[in-house]
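Chemist: predicted model and sequence below, questions to follow.
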Amino acid sequence: MVLSVLNEPLRSIGNCELLEKIADTGLGEVYKARDRATGEIVAVKIMPPFRADNQLAFQRFARECRILSALNDPHIIRALDFGIDGTRSYLVMEFAEGESLGQRLAREGRLAEAEAIRLIAEVAGALGRAHSKGLVHRNVKPDKILITADGKTKLTDLGLIRQVETQHDLTRAGTVVGTPNFMAPEQLYNADKATRHCDIYSLAATLYMVVTGEVPFGGCNPADMWARKLRNDLPPARTLVPALSERIDRAIRRAMSTEPEKRPADCAAFVQDLTGEGALPTDPGSFAGDQPPSKPIPLQVPGPHASSSERTAAPTTVKPPAPPEKGVGHGEGDRWAMVLAVIGVVVAGFLSGLFLFVR
């Protein structure tokens, strides 16, 4: 089979023979390949030639290799090699046969509660171990969770991961990183300061889709979606699936609270909420679907790219608006302000050519 990148035939790279294209990401195309030296089947991510001279993109690509190599976690795809072949940079990774959680949901619809908890608990364990090393994923969603042939999970595509302690984070202040429907509200405004609480929010949003079959905050325009996020206005999972247990419903709502401090302290605490090993707090206004948060959160509304789990907001240098004044609520005036912000960001993005959609 002849494969191509930007319509140029590509049969091999480095020491790998390319077999078939299996995925497309914002930092490159992914191929199933064979290592000619060992005969091992591997996955190869190749940076497009038109980004080869982009120093920031290259640094992200190289960092992904270093991070994956260092983690060595059974539920995170391992990195095996990294190199440059002509104008193309490439990353060789462990190949795992299977499908993404997003693909399974598209095929089967929502999953049973017990199976959903099992899968999410595995991912939570991997995320927790990454967090303990000072790493934040920033783009957890069903499409980034691989389910292997034996039913295990593996977290994929760590190209947007952030090293919390580093002085050289590659995300510029004011950029948007992640997938809007699954993204914590505070991550939209300040992705370079994303914490483990952002991953916990995204993991809970993923679980919401797994047990309901519905994308969280789906079916509305970007301005309405972000206004609803800020109001904790998410239909509880049990309103969509009445058979769900009260515990999983409340655990999701707690972890998707607008206020980070109201979420579980870490991934282990989230799993305890799900499995019944921990006592869920009942403070009114803590959870999504309850009362609005007690304090406003700065808002930067992204462009027209938040309607499905397949779309990710790639970094953009549009400057976020100033945070709202203390005590300002989210009434009709703020709604119009957000609509105007959407228009401004969209126009600025198209004029500057900064919008890049990442799957």
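Modeler: In hand now; what should we look at? Source: prediction; values computed, not measured.
Chemist: what ranges does the protein have for its helices?
Modeler: Ranges of helices within the chain are 55-71, 101-108, 113-132, 185-189, 196-212, 222-230, 237-240, 246-255, 267-275, 332-352, based on DSSP state H.
Chemist: can I get these in JSON lines with mean pLDDT?
Modeler: Below are the helices of the chain laid out as JSON lines (pLDDT from 0 to 100):
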{"stretch": "helix 55-71", "mean pLDDT": "70"}
{"stretch": "helix 101-108", "mean pLDDT": "95"}
{"stretch": "helix 113-132", "mean pLDDT": "94"}
{"stretch": "helix 185-189", "mean pLDDT": "82"}
{"stretch": "helix 196-212", "mean pLDDT": "96"}
{"stretch": "helix 222-230", "mean pLDDT": "88"}
{"stretch": "helix 237-240", "mean pLDDT": "96"}
{"stretch": "helix 246-255", "mean pLDDT": "96"}
{"stretch": "helix 267-275", "mean pLDDT": "95"}
{"stretch": "helix 332-352", "mean pLDDT": "42"}
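Chemist: nearest to residue 91, out of those helices?
Modeler: helix 55-71 (5.1 Å; CB to CB). (C-beta placed from N, C-alpha, C; glycine too.)
Chemist: contact partners of stretch 142-155?
Modeler: When contacts are defined by CB atoms under 8 Å, 6 or more residues apart in numbering, stretch 142-155 is touched by residues 74-77, 96-105, 119, 122-123, 126-127, 137, 140, 156-157, 206, 209-210, 309-310, 359.
Chemist: which of those residues are buried? Put it as a ChimeraX command.
Modeler: Buried subset of the contacts of stretch 142-155, written as a ChimeraX selection, criterion 16 or more other CB atoms under 10 Å:
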select :75,76,77,96,98,100,101,102,104,105,119,122,123,126,127,137,140,156,157,206,209,210,309,310
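Chemist: circling back to that earlier point, so for residue 86, which of the helices of the chain sits nearest?
Modeler: Closest approach to residue 86 among the helices of the chain is made by helix 55-71 (14.2 Å; CB to CB).
Chemist: give me the neighbour count for residue 243.
Modeler: Residue 243 sits with 8 neighbouring residues when counted by other CB atoms under 10 Å.
Chemist: can you check the pLDDT for it?
Modeler: Note on residue 243: pLDDT of 97.
Chemist: against residue 182, how distant is it?
Modeler: From residue 243 over to residue 182 the distance is 24 Å, taken as CB to CB, to the nearest Å.
Chemist: repeat that for residue 120.
Modeler: From residue 120 to residue 182 the distance is 13 Å (CB to CB).
Chemist: who touches both of the two?
Modeler: Joint contacts of residue 120 and residue 182 (CB under 8 Å, 6+ apart) are residue 206.
Chemist: which of the helices of the chain sits most buried?
Modeler: Across the helices of the chain, the average number of neighbours (mean count of other CB atoms under 10 Å) peaks for helix 196-212, which reaches a mean of 27.
Chemist: what packs against that helix?
Modeler: helix 101-108, helix 113-132, strand 135-136, helix 185-189, helix 237-240, helix 246-255, helix 267-275 (3 or more CB pairs under 8 Å, 6 or more residues apart in numbering; DSSP states H and E).
Chemist: dump the ones you listed into TSV; add distance to residue 55 as well.
Modeler: Listed next are the helices and strands packed on helix 196-212 as TSV, based on distance: least, CB to CB, whole Å:
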stretch	distance to residue 55
helix 101-108	31
helix 113-132	25
strand 135-136	22
helix 185-189	24
helix 237-240	43
helix 246-255	37
helix 267-275	33
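Chemist: nearest to residue 31 among those would be which one?
Modeler: helix 101-108 (17.8 Å).
Chemist: CA atoms only for the closest one, dumped as CSV, please.
Modeler: Output in CSV follows, covering the C-alpha atoms of helix 101-108 (Å, rounded to 0.1, in the frame of the first residue of the first chain):
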residue,chain,number,x,y,z
LEU,A,101,-13.5,4.6,23.8
GLY,A,102,-15.1,7.1,21.5
GLN,A,103,-15.3,4.5,18.7
ARG,A,104,-16.9,2.0,21.0
LEU,A,105,-19.5,4.5,22.2
ALA,A,106,-20.3,5.4,18.6
ARG,A,107,-20.8,1.7,17.8
GLU,A,108,-22.6,0.5,21.0
